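> With the sequence up front, the predicted model follows.
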Amino acid sequence: MQRQRRTFQIAFFALFLLAPALNLLRFDVTEVQLWVLGQRWSLGIDDFRQGLIGPGDMALRLFLRALLPAVLLVGGFLAVAWRYGRLYCGWLCPHFSLVELLNHVLQKACGRLSLWDRKPTPRQGLTPQRRWWPVFVLLSVLMGFVWAITLLTYLLPPADVWGRLLTGTSTPGQLRFLIAGTVVFSAEFLLARHLFCRYGCAVGLFQSLVWMANPRGRVVGFARDAGRQTATRTQPTATGLEPAIPAHCRSCDAPHGNACDRACPMHLPPRQFKRRKFSCVQCGLCVQSCEASQAAQQREPLLQWSIGVDALRESLQTRHAVALAEPTAAPSPSGTSRNAGVPPCAAPAAPHAAHAAEH
């Protein structure tokens, strides 16, 4: 699954960079012209003004070339988000691809996924080394410049932008855009890439809002009732693995904490209920890490994909767990239990709780 996801990410990142040069999608502000799939996309307003087409033809063009494509594009995108959440973010988004790349490099430098993490997020076989710090900083600045010049080519002819840049004849307006864009994007990549993904990206936000409204949408489910099932099933399953119980989450990746918590690139608690995973990008890294860590101990995984009726059951189980925990949970200063709905053995690891508080 992860190999397929990386393939999609690389292909879409290349498409994002090359689309303006190939006129696949860009809006030329010098001509006030939209380009789509190598063709000029016109509504025919100039023809209508010159009297070449009548009001009926103009209305038909507006419907076929503006309203209908917009409805199909937005409706299809939200339909996917309704069922699969932020699937675009985790599988296609160029920005999130860079987030994961920068997370990986920063973890090599200091063991953290973000500069704001209070504690490291260890990874098996990885020893942080300071020599990766310059790589992290330079990569962030380089990607900031790439982002700035790519966005500029979506607005101006790419040949003109790159030609002037290579010959040192860029216009003052182009230089101001490139400098300001590079500074802003570099700062975002260095300091606030997770914050932007969670709260600053309108595309991701709308996907999450639509997904949250669907109790049957795909979600990572946690086998909270595995303990009760194990009481009546002590023999190995058809896969040859022993049944697992939530308490095993304490030891699946000792002494660093639960494997699924450390695998999430967004620092979300995978075993928590759905609203605590509002920014889940459907990458599946938590499910994969759970499978690997439990299989190494000859046990079944406790995390699995849930969709449809299974996702609805997961939501109902969560609400039931919250209802049972509320009467006995010690109130926090705000009057609510911090980890309501999650068994004590499944409380989020400290680094991730700290990161959530920071962001």
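Done, it's in. This is a predicted model, so every value here is computed, not measured.

> State the mean pLDDT of stretch 151-165.
The average pLDDT for stretch 151-165 rounds to 94.

> buried set for it?
Neighbour-count burial for stretch 151-165, counted by 16 or more other C-beta atoms under 10 Å, picks out 152-154, 156-158, 161. The way it works is simple: take the backbone N, C-alpha and C, and place the C-beta from them, glycine included.

> quick one: which of these is nearest to Arg216?
Tyr154 (36.7 Å; C-beta to C-beta).

> all strands for the protein, in order.
25-28, 33-36, 39-41, 219-222, 303-306 (DSSP state E).

> Now the last one: buried residues?
This points to strand 303-306. 303, 306.

> Output it as PDB, nothing but the C-alphas.
Output of strand 303-306 as PDB, limited to C-alpha atoms (Å, rounded to 0.1, in the frame of the first residue of the first chain):
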ATOM      1  CA  LEU A 303      -5.900  -1.300  14.200                       C
ATOM      2  CA  GLN A 304      -7.700  -1.900  11.000                       C
ATOM      3  CA  TRP A 305      -9.500   0.000   8.300                       C
ATOM      4  CA  SER A 306     -13.300   0.400   9.000                       C
END
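
> Which elements pack onto that strand?
strand 219-222, helix 285-295 (3 or more C-beta pairs under 8 Å, 6 or more residues apart in numbering; DSSP states H and E).

> so how far is the last one from its chain's centroid?
Helix 285-295 sits 19 Å away from the centroid of its parent chain (C-alpha atoms, centre = their mean, to the nearest Å).

> what sits up against that helix?
Defining contact as C-beta atoms under 8 Å, 6 or more residues apart in numbering, one finds that helix 285-295 is touched by 1-2, 220, 241, 244, 248, 252-253, 259-265, 270, 300-305.

> please redo it, this time with the cut-off set to 6 Å
With contact meaning C-beta atoms under 6 Å, 6 or more residues apart in numbering, helix 285-295 is reached by 220, 244, 252-253, 259-260, 263-264, 270, 301, 303.

> Output that helix in CSV, but only the C-alpha positions, please.
What follows is helix 285-295, C-alpha atoms only, in CSV (Å, rounded to 0.1, in the frame of the first residue of the first chain):
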residue,chain,number,x,y,z
LEU,A,285,1.0,4.3,8.3
CYS,A,286,-0.5,3.7,11.7
VAL,A,287,-2.3,0.5,10.5
GLN,A,288,0.9,-0.7,8.9
SER,A,289,3.0,-0.1,12.0
CYS,A,290,0.5,-1.9,14.2
GLU,A,291,0.5,-4.9,11.9
ALA,A,292,4.3,-5.1,11.8
SER,A,293,4.8,-4.6,15.6
GLN,A,294,2.1,-7.0,16.6
ALA,A,295,3.1,-9.6,14.0
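
> farthest residue from the center of this protein?
Gly51 (48.7 Å; C-alpha atoms, centre = their mean).

> quick one: which of the helices and strands packed on strand 303-306 is nearest Arg118?
helix 285-295 (21.0 Å).

> Identify each buried residue in that closest one, please.
Those would be 285-291, 293-294, for helix 285-295 by 16+ other C-beta under 10 Å.

> mind listing what Phe278 touches?
Per C-beta under 6 Å, 6+ apart, neighbours of Phe278: Ser208.
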